[in-house]
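**Student:** all I have is the shape, not the residue letters:
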């Protein structure tokens, strides 16, 4: 998708992407950012190594972010499967959580956790070292760059999951989800 097509899709969506993003990821992003900052600070202040700090920030952010996502997914799955009991409810709730939230994040998270996020955090902090408060400024810039990359990958994965459903002859017509 080109930049022009992406902007057209946002305009076509009527600007509804921001409230949808906030509802889906807002609280998780706050939790992840706070735990990432804590991990970065603990790693950097105890070792002086930006690589250790970036690794700790990445691990801590995953715990904070996915802890929040897990609670939200479990709550939504519990509501969606309230009419079931026993093993059927557990299986349906798990399926609901995986298909609604976790599946689109899994591919993005794998690349993000091992390559993108540690590289952005350590690289930006290292480049900003000469500036006043440079390591912390670099952390913020690296976090922002990693988040933009993550959410871009997550959106592509979510679209990839939605396309086969939209292309199904049984799927209802949904504006904005046309198969290619």
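**Tutor:** That came through, no problem. Remember, it's a predicted structure, so these values are computed and weren't measured experimentally. Numbering: from 1, shown residues only.
**Student:** list the buried residues of the helix ranked longest in the chain.
**Tutor:** Counting residues, the longest helix found in the chain (DSSP state H) is helix 134-167. Of the residues in helix 134-167, those scored as buried under the neighbour-count criterion (16 or more other C-beta atoms under 10 Å) are 135-143, 145-147, 149-151, 153-155, 157-158, 162. Where C-beta positions appear, they are placed from N, C-alpha and C, glycine not excepted.
**Student:** and it, what does it pack against?
**Tutor:** helix 27-47, helix 50-80, helix 103-111, helix 117-127 (3 or more C-beta pairs under 8 Å, 6 or more residues apart in numbering; DSSP states H and E).
**Student:** tell me which of those helices sits most buried.
**Tutor:** Of all these, helix 117-127 carries the top mean neighbour count, a mean of 22, counting by mean count of other C-beta atoms under 10 Å.
**Student:** what comes into contact with stretch 131-144?
**Tutor:** 33, 36-37, 40, 44, 50, 53-54, 57, 120-129 (C-beta atoms under 8 Å, 6 or more residues apart in numbering).
**Student:** scratch that, stretch 51-69 is what I was asking about
**Tutor:** When contacts are defined by C-beta under 8 Å, 6+ apart, stretch 51-69 is touched by residues 27-29, 31-44, 47, 101-102, 105, 109, 113, 117-119, 121-122, 125, 139, 142-143.
**Student:** what mean pLDDT does stretch 117-125 have?
**Tutor:** Stretch 117-125 shows an average pLDDT of 93 in the prediction.
**Student:** can you give me how far it is from the chain middle?
**Tutor:** What separates the centre of stretch 117-125 from the centre of its chain is 17 Å, taken as C-alpha atoms, centre = their mean, to the nearest Å.
**Student:** now stretch 21-31: how far from the chain's centre is it?
**Tutor:** With C-alpha atoms, centre = their mean, you get 9 Å for stretch 21-31.
**Student:** ends of it, what's the gap?
**Tutor:** With C-alpha to C-alpha, to the nearest Å as the measure, the first residue of stretch 21-31 is 15 Å from its last.
**Student:** what of stretch 91-107?
**Tutor:** Stretch 91-107 stretches 22 Å from its first residue to its last (C-alpha to C-alpha).
**Student:** coming back round to it: weakest of the helices and strands packed on helix 134-167 by average pLDDT?
**Tutor:** When I compare the helices and strands packed on helix 134-167, helix 103-111 is least confident, with a mean of 72.
**Student:** so residue 82: helix, strand or coil?
**Tutor:** Secondary structure, DSSP: H, G, I helix; E, B strand; the rest coil: residue 82 is coil.
**Student:** and it, what pLDDT?
**Tutor:** As summarised for this prediction, residue 82 has a pLDDT of 80.
**Student:** residue numbering should commence at 17 henceforth.
**Tutor:** All set: I'll call the first residue 17, so the last point we hit is now residue 98.
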